[in-house]
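A.B. asks: from the sequence below, what's the structure:
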Amino acid sequence: MFARKKGHPLVHRVVGLDSAGRRLRVPPQLIANDEVMQAARTVYHAVRKGRRATARLCAETADRLSQWDDLREVVRLEVISERFDAVRYFTEDAPPQRVWRHARCTVPR
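C.D. replies: Sure thing, here's the model as predicted:
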């Protein structure tokens, strides 16, 4: 079962940032709907389609987020991809090996 080399997964996501640059989780319903996997696929497809699609996803998510009182501290969003060493992530809480930023946008207030 564990005889093969572990991979380096690539995770696509939308992250919120506060004014200090601290990352905050963006709930799936702001990206697509309540289904986590549908939100993940929405981000995946936007990244695959390129900058215009990720910019649109960022702006649409920011518009929805602006209506949420629970996330008032989020001032901007980023659509990112992160590559992880899976073993180190789970054994050492290692940060991503590499981060790609596809889009950035401001949350309207």
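A.B. asks: how about the helices in this protein?
C.D. replies: With helices called from DSSP state H, the chain shows them at 28-31, 36-49, 51-65, 86-92.
A.B. asks: out of these, deepest packed?
C.D. replies: helix 28-31 (a mean of 20; mean count of other Cβ atoms under 10 Å). For the C-beta atoms, the positions are set from N, CA and C on the backbone; glycine is no exception.
A.B. asks: with only the CA atoms kept, save that one in CSV.
C.D. replies: The C-alpha trace of helix 28-31 is given here as CSV (Å, rounded to 0.1, in the frame of the first residue of the first chain):
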residue,chain,number,x,y,z
PRO,A,28,-17.2,27.0,-0.1
GLN,A,29,-20.6,28.7,-0.4
LEU,A,30,-18.9,32.0,-1.4
ILE,A,31,-17.0,30.2,-4.2
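A.B. asks: so how far is it off the chain centroid?
C.D. replies: Remark: helix 28-31 is offset 11 Å from the chain centroid, using Cα atoms, centre = their mean, to the nearest Å.
A.B. asks: need the residues that contact stretch 102-109.
C.D. replies: 16, 46-47, 51, 54-55, 57-59, 62-63, 65-66, 74-81 (Cβ atoms under 8 Å, 6 or more residues apart in numbering).
A.B. asks: pass me the low-pLDDT residue ranges in this protein, would you?
C.D. replies: Counting by pLDDT under 70, the chain shows low-confidence ranges at 1-6.
A.B. asks: which residues touch Arg97?
C.D. replies: Just so we're on the same page, residue 97 is Gln rather than Arg. By Cβ under 8 Å, 6+ apart, the contact list for Gln97 reads His8, Arg83, Phe84, Asp85.
A.B. asks: which residues does the second one form beta bridges with?
C.D. replies: It stands for Arg83. Counting by DSSP bridges, Arg83 is bridged to Leu10, Arg98.
A.B. asks: that one and His12 touch, don't they?
C.D. replies: No: between Arg83 and His12 there is no contact under Cβ atoms under 8 Å: 10.6 Å.
A.B. asks: ok, the two, which is more surrounded?
C.D. replies: His12 (20 against 14; other Cβ atoms under 10 Å).
A.B. asks: gap between the more buried one and Val36?
C.D. replies: 13 Å (Cβ to Cβ, to the nearest Å).
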